[in-house]
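fold the stuff below for me.
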Amino acid sequence: MLMPESNTFEDSYAIQASPVPKETMVEAIFRAALEPSSDRSERDRNALVWTAKSLTDDVELERLVDAIPDLLWGPDYRRYSYDSCIRGLARHPDVQLVKRITSLLLTTRFDGVWSSSDHIGRRAIACYKALWAIASLSERGQSDTKALNFENVLKSSIFIGARNSDFAVYSTSARAIMQWSTFLAVEGRLIAARENLVACEGDELKGKPNSPKLEDVCDALSDMRITFYELDLPSTRGPHTISSLCSLIDTFLSEIPFRILLEFLCQASLDTPPYHLEETISSIQVSRPISGSLKATFESRAYTIVSNQIPRLNAASDGAEVARIDKCITELMLLLLPVDSYRTPAAITLLLNARTSDHALGILFLRSNIEIHLWESCVRTLRDGAKDLLQGQEEFTALWRLASIGLHYEALHDFPVRYACRESALKALSTAQSPLPFPLVTYSIIALLKVHALRFGKARNDGRGLTLARSRYIPP
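Just a heads-up that it's a prediction; the model follows:
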């Protein structure tokens with residue numbers, strides 16, 4: 001059947017038109033404004049450059065500085081729309097945004113003392129927050145050209161006395177994230193310098209003299225040590241050989257990230273919660289566990305932090321404060337895992353013995369892989385005949401505490417792995433050659449581990465746990 005012909009223009013248009021409702025002129029403008037456009041991005045960058053260059057007054061510059069954290073992070077989450085714009089302002093030779101922010105921050109110091117004025121204090125806070133936000137643009141995996149170098153800022157006086165100021169909350173995080181960004185910016189140069197030294201050493205062995213200027217490499221490392229002066233890096237004093245400089249570069253590459261994180265965690269565990277604690281910690285990416293050359297330093301600092309904070313944690317009523325300190329301690333504990341070693345770090349032993357909250361210890365040790373490493377370390381020590389290293393009763397009481405708090409966390413997703421480690425520990429403790437040190441504590445640990453075996457057997461609905469529990473592991 002043929003459709004009737006339309007008699008009017010409107011009828012004809014109605015048949016051919018899209019069913020999508022018409023948009024108003026305002027809606028069309030908004031839609032066009034939100035569509036991605038390289039031309040628009042370029043105009044935005046040019047507009048920001050022009051605006052930044054035209055801000056000659058400190059008050060006007062402060063308004064821009066105050067807006068940067070919201071541009072990049074917003075009130076609730078990370079924003080990426082303005083990354084390239086802000087990075088461009090930081091690198092633009094006619095803008096030098098970071099240098100101008102640093103100069104603005106220095107106006108809040110008078111005769112080397114931070115001003116107590118409310119307005120000046122707000123300016124200082126705005127500057128530190130802006131520097132933190134800009135430095136957060138640098139991420140692991142980016143090219144060296146994207147990571148921003150804050151060497152000149154770190155060498156300036158903007159951090160002198162800041163720890164004791166009213167804005168230490170902001171300066172602590174800003175320093176850590178700028179140190180991390182700077183490391184990412186120079187990491188490629190360090191690797192290239194090392195490769196060049198190795199190549200030159202290879203040429204010499206082949207009888208092709210190709211002597212590098214060792215003094216230049218040493219000077220560059222010395223300058224880097226000044227940049228990271230707070231990290232207490234190894235001395236760069238010579239004389240040096242190609243081999244010793246390669247070793248020094250390797251030390252810088254492996255230790256700087258750990259030292260940045262350690263300094264930040266030490267400060268973050270003190271009285272005031274630092275700005276963007278979680279984001280700063282997650283930005284500083286290190287390979288766990290800690291490198292061997294830093295182990296003694298980390299263990300010492302971690303023990304000091306735990307011993308200082310235990311009284312506060314046990315007495316604190318402020319949940320937010322407890323969560324912050326626990327977060328810092330957890331990060332330290334994860335770095336101190338006893339991998340392929342016989343000793344449990346003293347900080348972990350102290351924490352297990354002295355912290356009164358089973359719930360807090362459960363979150364720390366059982367909802368991470370720390371518990372697994374501790375039982376594996378115990379098994380390794382007894383299996384390899386190194387039980388003489390277990391000299392202190394506190395190490396056994398710490399294992400008893402670990403076994404006891406585990407009874408309250410049976411529904412974890414990885415409980416088969418945990419029970420396997422506990423079962424190995426049960427067998428190792430029960431079959432170790434006599435005499436065992438501190439037998440009363442040891443027998444109590446074995447009893448708790450038997451309870452774990454029974455529970456696991458019940459959960460799996462087999463008789464293995466019952467067999468383990470019935471075995472005559474406890475000497476008569």
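
hey, let's count contacts and neighbours off CA atoms from now on
Will do.

where does pLDDT dip in the stretch 201-350 of the chain?
202-212, 288-289, 338-342 (pLDDT under 70).

what about 80?
201-213, 238, 269-272, 287-293, 316-318, 337-343 (pLDDT under 80).

do the stretch 1-150 of the chain as well
Ranges of the stretch 1-150 of the chain meeting pLDDT under 80: 1-48, 51, 56, 75-76, 109-119, 141-146.

at 50 instead, please
1-20, 26, 29-30, 33-34 (pLDDT under 50).

in the helix or strand that contains Leu64, what counts as buried?
Under the criterion of DSSP states H and E, Leu64 resides in helix 58-72. Within helix 58-72, the residues that count as buried by 16 or more other Cα atoms under 10 Å are 61-62, 64-66, 68-72.

so what touches that helix?
52, 55, 78-83, 101, 104, 123, 126-127, 129-130, 133-134 (Cα atoms under 8 Å, 6 or more residues apart in numbering).

out of those residues, which sit inside helices?
52, 83, 101, 104, 123, 126-127, 129-130, 133-134 (DSSP state H).

these two touch, right, Gln179 and Phe150?
Yes - the pair Gln179 / Phe150 is scored as a contact, 7.3 Å apart, by Cα atoms under 8 Å.

so these two - more neighbours on which side?
Gln179 (27 against 22; other Cα atoms under 10 Å).

checking the more buried one next. Helix, strand or coil?
For Gln179, the assignment made with DSSP: H, G, I helix; E, B strand; the rest coil gives helix.

how close does it get to Gln285?
Counting by Cα to Cα, to the nearest Å, the separation of Gln179 from Gln285 is 12 Å.

which stretches of the stretch 351-476 of the chain form helices?
358-361, 370-383, 393-405, 415-431, 439-460, 464-470 (DSSP state H, counting those that start in this stretch).

so which elements touch the fifth one?
In other words, helix 439-460. When contacts are defined as 3 or more Cα pairs under 8 Å, 6 or more residues apart in numbering; DSSP states H and E, helix 439-460 sits against helix 393-405, helix 415-431, helix 464-470.

residues of the second one that come out buried?
Put plainly, it is helix 415-431. Buried-residue list, helix 415-431, by 16+ other Cα under 10 Å: 418-419, 421-426, 428-430.

now rank the ones in helices among the contacts of helix 58-72 by neighbours and give me the top one.
Result: Cys127 is most packed of the ones in helices among the contacts of helix 58-72 (other Cα under 10 Å), 28 neighbours.

where does the residue positioned nearest the centre of the chain land in three-state SS?
When Cα atoms, centre = their mean is applied to the chain, the residue found nearest the centroid is Ile281 (2.9 Å). Look at Ile281: counting by three-state DSSP, its state is helix.

helix or strand for the residue nearest to it when sequence neighbours are not counted, which one?
Sequence neighbours aside, Leu261 is the residue nearest to Ile281 in space, at 7.2 Å (criterion: Cα to Cα, 6 or more residues apart in numbering). Assessed by DSSP H and E, Leu261 sits inside helix 242-268.
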